[in-house]
Every structure is written in C-alpha cells, then in structure tokens.
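Engineer: got a sequence here, can you model it:
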Amino acid sequence: MGKYKHAQIRKDGTVEGESWLNNIEKRENLIPIKPGFDPWGKRWNGTDWEDYEPEPEPIRPDKTQADMDYLKMMIGGAAE
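Structural biologist: Sure, this is the predicted structure:
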C-alpha cells in the first residue's frame, strides 16, 4: 500500500473510490487527501470539498410493477 491517500472522482466531482499511492499524483480525477479524511458524501468543486447529498434515483413505474408482480407471486396472489 502506498503512503499517500487520494480520492478518485468522477467528472461531476463526486467520489468514485479511494487509492493509496507511492507519490502524490496531480491528475484531474485524483485528489490528494489527508489520512483520516473521509471524502464519501462530499464533492470536489475544483478547489475544496463540499457536502453533497446524491439525488434519489427516480422511481421507475415498470420496475415498481415488476416488484409488485413478484411479491404477489411469492405470497400466492394474496396481496390483491
């Protein structure tokens, strides 16, 4: 394991992962961070970290119906 912690970020600044590297890297998608700093739930705005709460995934009506059909099947149609 390397000795320098980096946050791997997506194009929108949200965290995709963490890496420990042997050197401090200066890349667009790698941000050096201090050990002990938790970048999850934060977004890199280009100069600093800011709190970030992801948008909830939209409910897909087709998925909801498929889930209901599955539940009905599992309990023998008693959910009607």
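Engineer: is it fair to say Gln65 lies in a helix?
Structural biologist: Yes: per DSSP: H, G, I helix; E, B strand; the rest coil, Gln65 lies within a helix segment.
Engineer: from Pro56, how far off is it?
Structural biologist: 19 Å (C-beta to C-beta, to the nearest Å). In short, each C-beta sits where N, CA and C put it, glycine included.
Engineer: so which of those two has more stuff around it?
Structural biologist: Gln65 (10 against 6; other C-beta atoms under 10 Å).
Engineer: is Asn6 in a helix, a strand, or coil?
Structural biologist: You called it Asn, but residue 6 is His. Per three-state DSSP, His6 ends up strand.
Engineer: identify the bridge partners of it.
Structural biologist: In this entry, His6 is beta-bridged to Ser19, Pro32, by DSSP bridges.
Engineer: contacts made by stretch 27-36 with the rest, please.
Structural biologist: 4-10, 16, 18-19, 21, 24-25, 39, 44 (C-beta atoms under 8 Å, 6 or more residues apart in numbering).
Engineer: what's the ChimeraX line that selects buried ones from these?
Structural biologist: Buried members of the contacts of stretch 27-36 can be picked out in ChimeraX with the line below, counting by 16 or more other C-beta atoms under 10 Å:
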select :4,5,6,7,9,39,44
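Engineer: relative to Met74, which of the contacts of stretch 27-36 is nearest.
Structural biologist: Met74 lies nearest to Glu16 out of those, by C-beta to C-beta, at 35.5 Å.
Engineer: and that closest one, what helix or strand is that in?
Structural biologist: strand 15-21 (DSSP states H and E).
Engineer: how about the helices in this protein?
Structural biologist: 61-74 (DSSP state H).
Engineer: list the contacts of the closest residue to Phe37 other than its chain neighbours.
Structural biologist: In this structure, Phe37 finds its nearest non-sequential neighbour in Lys5, 7.7 Å apart by C-beta to C-beta, 6 or more residues apart in numbering. Lys5 is in contact with Glu18, Ser19, Trp20, Pro32, Ile33, Lys34, Pro35, Phe37, counting by C-beta under 8 Å, 6+ apart.
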